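>>> quick one, fold the following:
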Amino acid sequence: MDKLETLFNLQKELATVLTSTRYPQAKEERISVLATAIIHEAVEVQTLTDWKWWKKPIKFDETQAREEVIDLWHFLIQMSIELGMTPNEILNEYLEKHQINKERQKNGY
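Here you go, the predicted structure:
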């Protein structure tokens with residue numbers, strides 16, 4: 001089993017124990033709350049950086065940033081599962097989009 005498949009299996013296992021009446025029943029609503037969670041976790045990473053040029057500099061907490069990135073992975077993998085994406089499909093779609101992005105950069109996108 002490859003590493004991405006392992007992550008998917010672990011996330012599926014976690015989803016079975018994380019039962020909440022607040023988690024939406026409708027697929028579109030689940031995608032929406034997962035997107036919101038991803039946005040907020042990304043903001044948590046950003047707040048660890050010294051982006052506020054008008055304030056006293058802060059020290060970057062790489063350990064905390066890594067934890068937030070893992071939170072992002074949890075939500076992103078769950079969203080992928082909700083969309084019915086398999087690790088192989090993700091790899092194939094990633095490779096297609098990667099090629100498009102390379103072409104865009106080559107052509108001055």
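
>>> can you map out the helices along this protein?
3-17, 27-47, 62-82, 87-106 (DSSP state H).

>>> so where's the protein uncertain?
Along the chain, the parts satisfying pLDDT under 70 run over 1.

>>> give me the most central residue, it.
Nearest residue to the geometric centre of the chain (C-alpha atoms, centre = their mean): Leu76, 3.4 Å.

>>> between the helices of the chain, which gets nearest to Trp53?
Among the helices of the chain, the nearest to Trp53 by C-beta to C-beta is helix 27-47 (13.7 Å). All C-beta atoms are positioned from the backbone trio N, CA, C, and that covers glycine.

>>> buried sites along the closest one?
30, 33-34, 37-38, 41, 44-45 (16 or more other C-beta atoms under 10 Å).

>>> helices and strands around it, which ones?
Applying 3 or more C-beta pairs under 8 Å, 6 or more residues apart in numbering; DSSP states H and E, we find helix 27-47 packed against helix 62-82.

>>> residues making contact with the helix it packs on?
Helix 62-82 has contacts (C-beta atoms under 8 Å, 6 or more residues apart in numbering) with 7-8, 11-12, 14-15, 27, 30-31, 34-35, 37-38, 41-42, 44-45, 48, 90.

>>> that older thread, from Phe60, how far off is the residue nearest to the centre of the chain?
Taking C-beta to C-beta, to the nearest Å as the measure, Leu76 falls 23 Å from Phe60.

>>> what of Glu96?
Taken as C-beta to C-beta, the span from Glu96 to Phe60 is 34 Å.

>>> same check on Trp54?
18 Å.

>>> more neighbours: which of the two?
Phe60 (11 against 4; other C-beta atoms under 10 Å).

>>> neighbours of Pro24, just the number please.
13.

>>> wait, I meant Pro57
8.

>>> please apply the same query to the one 5 residues further on.
Summarising burial for Glu62: neighbours were counted as other C-beta under 10 Å, giving 9.
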